[in-house]
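> the following comprises the amino acid sequence and a computationally predicted model.
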Amino acid sequence: MVHNMPKIYVFIASAVILFAAIAAAQEATQQASQKVEQLISSQPAGENKNGMDKFIDWFHNPTPWLSMEADLKWQWFNAWNIDRFNDDSGLSNWNYTLNRFRWGTKTKITDDIEFNHRWVWEFRTWDGPDSRQKEVDFDEIVWDRFNLTVRNLGGMPLTMVVGRQDIIFGTGWLVLEGTNNDEGRTIFFDALRFTYELQKDKTLDLIFIDQKADSSAWLRPFSDGHKLVNNTDQTGAIVYYTDKSRPNLQLEGYFIYKHDTPVASGSVGDEIYTLGGALSGPLFKSEHWKYRAEGAVQTGNKDGHSLRAFGTIDTLEYHFNDKYKNVLHGTFEYLSGDKPGSGRNEGFDNLWGKWPQWSVINTYAYWYENGPGASTNLARLNLGHSFCPTDKIQISTDYHLLFANENPLGGTTNPGGPSWSSGGKFRGQLFSLLLKYNVTKNLLAYYQFEYFVPGNYYAEPDRDPAYFSQISIEYTF
């Protein structure tokens, strides 16, 4: 991969230059702001806002019954070998820009009833890989929120949300992204959700999900492309209990039912029952140590076989509580893998957690192994550190050791993705870096980088290193 390394340096240098320019602009802006503040400090309160601030205030609340939101995102994505781990595959160099605009409203019907909607338009300009035509893909404009919210339903401490909505529980380990084939454009669920407040800081959620693969199944997009936001039609139910009443302990318990009906004819659907829970809080009431431990067991049917699986993710953090907000953290994640020849399926299914929780590169690798974002058959050890050198900048670094618990695909070749060795179980090593810069309260810039060295879980031709890098700029009105 030596002949490709300069691309990494060019991208990193571009990121450094960009953030340096932003920093310089921010410094100049602060100096100018100080002068302006001196000039307007004698004016009455409410007259100090400039034209943009006044416009944003009006945009957020143009009338007492209507509020609006909008954001813009530009992202430059560059990667090498993320799909094949082979320098000679011809699929190696990924290079494109992502451009996203979202606009939404919240309409207040009564004090307890509101209607929410949001449009999202995301298009890309492609320059690589070579297998893809260099073009601008203008894509479709999708509803990613369309719901009615009713509070104090029936005079009870009960909230109902019906329609297209975001649903996230815990850290999103099993429930976050309802559109796993959408590459992050949307994360919505088409669902009916009831949240009942049992007591103060104790809630019970009951959720019913009816998710279609075709983006136009319930709400037709503009310039409808009939894209598949999932590779299956999905129905499901979630019962989730959350107890935050204890000062040093948060309890979570859940039951999740998920049924997948593949879009492709002749494929076997999955029916998965998941029972799990989580504990989190300060360790031994310490001001420095924090933990979160989550685990779940699964039964049902998967890939035509009886399912028996287990998964856990456990994190320990040490907060220095200093002015730089230094934090050290370690994570252990275990997702059982399918044992060849057992007659059952032991592969843990991460349900609606199929998003890049800790790695973009490995999300692509799993795509060819188990389907879009389907992380399973994994033992992961992670050590990381984060700190804030200034109030506006956060830097996070992580190192991961990755193993497979089983080798169910041993000796399998895949011309469109990585191939697997006959007996290896070491997935590889991953290093990642994330740099966030809050330029202003409305403007966020960040740089993300990953470098992956495949292990002997993959066949010999597919062990070349891979990297992923992106620069993103987001503005929220």
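Alright, I've got the coordinates. Numbers count the residues shown, from 1 in each chain.
> check which residues of stretch 209-217 are buried.
For stretch 209-217, burial by neighbour count (16 or more other Cβ atoms under 10 Å) applies to 209, 211-215. No exception for glycine: its C-beta is placed from N, CA and C like everyone else's.
> apologies, that question was intended for stretch 65-80.
Under the neighbour-count criterion of 16+ other Cβ under 10 Å, stretch 65-80 has 67-68, 70-71, 73, 75-80 buried.
> output those in JSON lines, with secondary structure appended to each entry.
What follows is the buried residues of stretch 65-80, written out as JSON lines (DSSP: H, G, I helix; E, B strand; the rest coil):
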{"residue": "Ser67", "secondary structure": "strand"}
{"residue": "Met68", "secondary structure": "strand"}
{"residue": "Ala70", "secondary structure": "strand"}
{"residue": "Asp71", "secondary structure": "strand"}
{"residue": "Lys73", "secondary structure": "strand"}
{"residue": "Gln75", "secondary structure": "strand"}
{"residue": "Trp76", "secondary structure": "strand"}
{"residue": "Phe77", "secondary structure": "strand"}
{"residue": "Asn78", "secondary structure": "strand"}
{"residue": "Ala79", "secondary structure": "strand"}
{"residue": "Trp80", "secondary structure": "strand"}
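> who does Tyr447 form a beta bridge with?
Tyr447 forms beta bridges with Leu435, Ile471, as assigned by DSSP bridges.
> repeat for Asn382
Thr331, His400.
> next, count neighbours for the closest residue to Ile82 other than its chain neighbours.
Nearest in space to Ile82, with sequence neighbours left out and distances taken as Cβ to Cβ, 6 or more residues apart in numbering, is Tyr364 at 4.7 Å. The local packing of Tyr364 (other Cβ atoms under 10 Å) involves 24 other residues.
> and the host helix or strand of Tyr364, what's its mean pLDDT?
Per DSSP states H and E, Tyr364 falls inside helix 360-370. Mean pLDDT, helix 360-370: 84.
> so what does that helix touch, helix or strand wise?
strand 426-438, strand 443-454, strand 466-476 (3 or more Cβ pairs under 8 Å, 6 or more residues apart in numbering; DSSP states H and E).
> ok, residues contacting that helix?
For helix 360-370, the external contacting residues (Cβ atoms under 8 Å, 6 or more residues apart in numbering) are 79, 82-83, 85, 347, 355-356, 373-377, 402, 409, 414, 416-418, 420, 427, 430, 448, 450, 452, 466-468.
> of those residues, buried ones?
Buried among the contacts of helix 360-370 (16+ other Cβ under 10 Å): 79, 82-83, 85, 347, 355-356, 373-377, 402, 409, 417-418, 420, 427, 430, 448, 450, 452, 466-468.
> redo the buried residues of stretch 209-217 as CSV? Include pLDDT.
Converted to CSV, these look like this (pLDDT from 0 to 100):
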residue, pLDDT
Ile209, 98
Gln211, 95
Lys212, 93
Ala213, 92
Asp214, 91
Ser215, 88
